[in-house]
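*Asks:* need a 3D model of the following:
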Amino acid sequence: MRAIRVASAALFTTAALALAAPAAGAAVAGDENITSFGFRVTPSTIAAGGQVTLTVDGCDTTTKVISGVFDDVTIPKGQSSATAHVFWDAKPGAMYEVTFTCGQESGRTDLTIATGGGHSSPGTHHSRGVRAGVGGSVGGFDGGQLALGGALIAGVLGTAYYWTRRRTDADHS
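*Replies:* I've put the predicted structure just below:
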């Protein structure tokens, strides 16, 4: 009888924790960044003022690459890469969206500005801001969600403890 209660409490605890855990795959399920061509920014983290290589694979037309952290770039048909210079005033630690457009398709990736080495060049000023998009990688912690998650987990653990330690009249006899 006790084994059934322990198994039930363990199953309840596992189910509750699974429901309280964040949906890690949610972004993948609704990902609209799947394209018939490949693209990448190398390196994916760069200091302000640095140079990145923009590469596209499988695009049979001219590719346009835009971002708020460098001037627009065109990769001509027949070529697979081009370079871009990151603005000197790019904010260290910021993540900028880079969009590759091949024909009617567009794909997006992120370019992160390294912290600690971003010194502005005197006399150089660019007025473009961060191009923000939908995603959870840029935001901070939400105190309300953390508190709710902690309360749910504490409740589940407390309930599991109660049910495993509970003694019925049949156990005392």
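*Asks:* shaky segments in this protein?
*Replies:* Residues of the chain meeting the criterion pLDDT under 70: 1-33, 116-141, 167-173.
*Asks:* same thing but 80
*Replies:* For the chain, residues meeting the criterion pLDDT under 80 lie at 1-33, 116-146, 163-173.
*Asks:* and after the helix or strand hosting Ala82, which helix or strand comes next?
*Replies:* Assessed by DSSP states H and E, Ala82 sits inside strand 81-85. Per DSSP H and E, the first helix or strand lying C-terminal to strand 81-85 is strand 95-102.
*Asks:* buried sites along the strand holding Ala82?
*Replies:* Ala82, Ala84 (16 or more other CB atoms under 10 Å). In short, each C-beta sits where N, CA and C put it, glycine included.
*Asks:* and it, what does it pack against?
*Replies:* Applying 3 or more CB pairs under 8 Å, 6 or more residues apart in numbering; DSSP states H and E, one finds that strand 81-85 makes contact with strand 51-57, strand 63-67, strand 73-75.
*Asks:* among these, show me which one is buried the most.
*Replies:* strand 63-67 (a mean of 21; mean count of other CB atoms under 10 Å).
*Asks:* quick one, that strand and strand 95-102 angle?
*Replies:* With axes from the mean of the first three to the mean of the last three CA atoms, to 10 degrees defining the directions, strand 63-67 sits at 160 degrees from strand 95-102.
*Asks:* could I have strand 63-67 exported to PDB, CA atoms only?
*Replies:* Taking C-alpha atoms only, strand 63-67 is exported to PDB below (Å, rounded to 0.1, in the frame of the first residue of the first chain):
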ATOM      1  CA  THR A  63      21.200  38.500 -51.900                       C
ATOM      2  CA  LYS A  64      20.600  41.600 -49.900                       C
ATOM      3  CA  VAL A  65      21.800  41.700 -46.300                       C
ATOM      4  CA  ILE A  66      20.500  44.400 -43.900                       C
ATOM      5  CA  SER A  67      21.100  45.100 -40.200                       C
END
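*Asks:* thanks a lot, see you next time.
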